[in-house]
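Engineer: this is the structure alone, sequence omitted:
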């Protein structure tokens, strides 16, 4: 039985990179974009979630990243 690890690896990497406040926060509390402020807000979580879903869909479905094991 082979397992496709591509979507899992892509999702984990995107989750780490797009965590609000870790590298970038869109929108920030005082500006449109802040870098590395380690703070977040509800609207920022929503924006980052939409970006995450969009990039994940494009990479996994449209491009078709596959890492097969087994």
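Structural biologist: Alright, I've got the coordinates. Keep in mind the model is a prediction, meaning the values are calculated, not measured.

Engineer: pull out the buried positions in the longest helix anywhere in the chain.
Structural biologist: As assigned by DSSP state H, the longest helix anywhere in the chain is helix 42-57. Within helix 42-57, the residues that qualify as buried are 44, 47-48, 52, 56, counting by 16 or more other Cβ atoms under 10 Å. Using the backbone N, CA and C atoms, a C-beta is placed for each residue, glycine as well.

Engineer: now the angle between helix 42-57 and the one helix or strand residue 7 maps to, please.
Structural biologist: Here residue 7 sits within helix 6-17, counting by DSSP states H and E. Angle, helix 6-17 to helix 42-57, by axes from the mean of the first three to the mean of the last three Cα atoms, to 10 degrees: 150 degrees.

Engineer: does residue 14 really touch residue 54, like I thought?
Structural biologist: No: applying Cβ atoms under 8 Å as the test, residue 14 and residue 54 come out as separate, 10.1 Å apart.
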